[in-house]
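Visitor: all I have is the shape, not the residue letters:
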């Protein structure tokens, strides 16, 4: 399972687990807005603006894996 966005791709293992994966993005707020605009989005993710690595968006895929997208503090 995966998705692509402006030349970047992300994927999850495609199996039921408690695993998580992470990726750094330039603009986590733009990604959040894009995800919320999708009518078929299974969840409405939120952003933790105070996460230790910078603002972080967590999305749970259909298999229960947690995908974390972090915007480095220098990109804010």
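Guide: Sure thing, it's come through. None of the values given here were measured: they were computed from a predicted structure. Residues are numbered from 1 along each chain as shown.

Visitor: you'd agree residue 25 is up against residue 59?
Guide: No - the criterion here is C-beta atoms under 8 Å, and residue 25 misses it with residue 59 at 11.8 Å. In short, each C-beta sits where N, CA and C put it, glycine included.

Visitor: common neighbours of those two, please.
Guide: By the contact definition C-beta atoms under 8 Å, 6 or more residues apart in numbering, residue 25 and residue 59 are jointly contacted by residue 69.

Visitor: what about the helices in the protein?
Guide: Listed in chain order, the helices of the chain (DSSP state H) span 28-37.

Visitor: which secondary element of it has the worst mean pLDDT?
Guide: Here the helix or strand of the chain ranked lowest by mean pLDDT, DSSP states H and E is strand 8-11, holding a mean of 51.

Visitor: residue 46 and residue 59, how far apart?
Guide: Distance check for residue 46 against residue 59: by C-beta to C-beta, to the nearest Å, it reads 10 Å.

Visitor: out of the two, which sits in the busier spot?
Guide: Using other C-beta atoms under 10 Å as the criterion, residue 46 and residue 59 rank with residue 59 on top: 21 against 12.
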